[in-house]
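Colleague: after the sequence you'll find the predicted model.
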Amino acid sequence: MESLLDLLGGLLLVAGACFLFFGGLGVVRMPDLFNRIQAGAKTTTLGTLLILAGTAFLHPEWGLKLLLIGLFLLFTNPLSSQVLARAAHRVGVEKTSKTTIDMLAKDLGDKP
Amino acid sequence: MVDILITLAAILTGIAFLLALVRFIKGPSTFDRVIAFDVLTVVSITFIVLSALIEERGIYLDVALVYALLSFLGVIAIARYLEGRF
């Protein structure tokens, strides 16, 4: 029973680290600023939550602190990426040529 | 078995850190560097948690807690500065 929990925690750790690796790869490989924001924000949030869950499986007595870290991460990570994307959109960073729809510019009444 | 999995997770996290560092160094604009900085902070939180797991010391989680609370303020401050409004 104990070893089953340890094995499950280890597998969760490796899954979260895989998500973090793909996030880093997306930050390097994506063609555009907004795509990089998306790849950097979503995958790191999920990967860090999976690693916190795996650590809670390995050490159940640390559960409260790990839950607090995950809660703060769920508050702060989307906030920073949204503020960054809004600032980039207002300054007017050029999008990639494959971008076909821009709902925020249509809402603001600017150029399409 | 678990030690091998923890080491594999630490290696993958280190590779993610290096990839974000590549974008941080060669990013064409300032926004790319800020994105890479954001990714670097979250990966650092994960790495602190993994080091607490390897060293078997729960006190490191307090460091990760404070870092998760405070690290996003830098990104927001730089974004507001680049936007031109304070």
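Modeller: Looks like it arrived, so ask away.
Colleague: where in chain A is pLDDT low?
Modeller: A:1-2, A:110-112 (pLDDT under 70).
Colleague: at 50 instead, please
Modeller: Scanning chain A for pLDDT under 50 picks out A:112.
Colleague: what ranges do the helices span in it?
Modeller: With helices called from DSSP state H, chain A shows them at A:2-29, A:33-58, A:63-91, A:103-108.
Colleague: can you list those helices in a markdown table and add mean neighbour count and distance to B:L53?
Modeller: Any C-beta I mention is one placed from the backbone N, CA and C, and that applies to glycine too. Shown next, in a markdown table, are the helices of chain A (neighbours: other C-beta atoms under 10 Å in any protein chain shown; distance: least, C-beta to C-beta, whole Å):
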| stretch | mean neighbour count | distance to B:L53 |
| --- | --- | --- |
| helix A:2-29 | 20 | 8 |
| helix A:33-58 | 22 | 6 |
| helix A:63-91 | 18 | 10 |
| helix A:103-108 | 10 | 41 |
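Colleague: and the helices in chain B, which stretches?
Modeller: Going by DSSP H, chain B shows helices at B:2-26, B:30-55, B:60-83.
Colleague: in a markdown table: those, plus mean neighbour count, mean pLDDT and distance to chain A.
Modeller: Shown next, in a markdown table, are these (neighbours: other C-beta atoms under 10 Å in any protein chain shown; pLDDT from 0 to 100; distance: least, C-beta to the nearest C-beta, whole Å):
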| stretch | mean neighbour count | mean pLDDT | distance to chain A |
| --- | --- | --- | --- |
| helix B:2-26 | 18 | 91 | 3 |
| helix B:30-55 | 22 | 91 | 4 |
| helix B:60-83 | 17 | 88 | 4 |
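Colleague: the ones you listed: which one's closest to A:T44?
Modeller: helix B:30-55 (4.2 Å; C-beta to C-beta).
Colleague: okay, the angle between that closest one and helix B:60-83?
Modeller: Relative orientation of helix B:30-55 and helix B:60-83, computed by axes from the mean of the first three to the mean of the last three C-alpha atoms, to 10 degrees: 180 degrees.
Colleague: chain center to helix B:30-55: distance?
Modeller: 1 Å (C-alpha atoms, centre = their mean, to the nearest Å).
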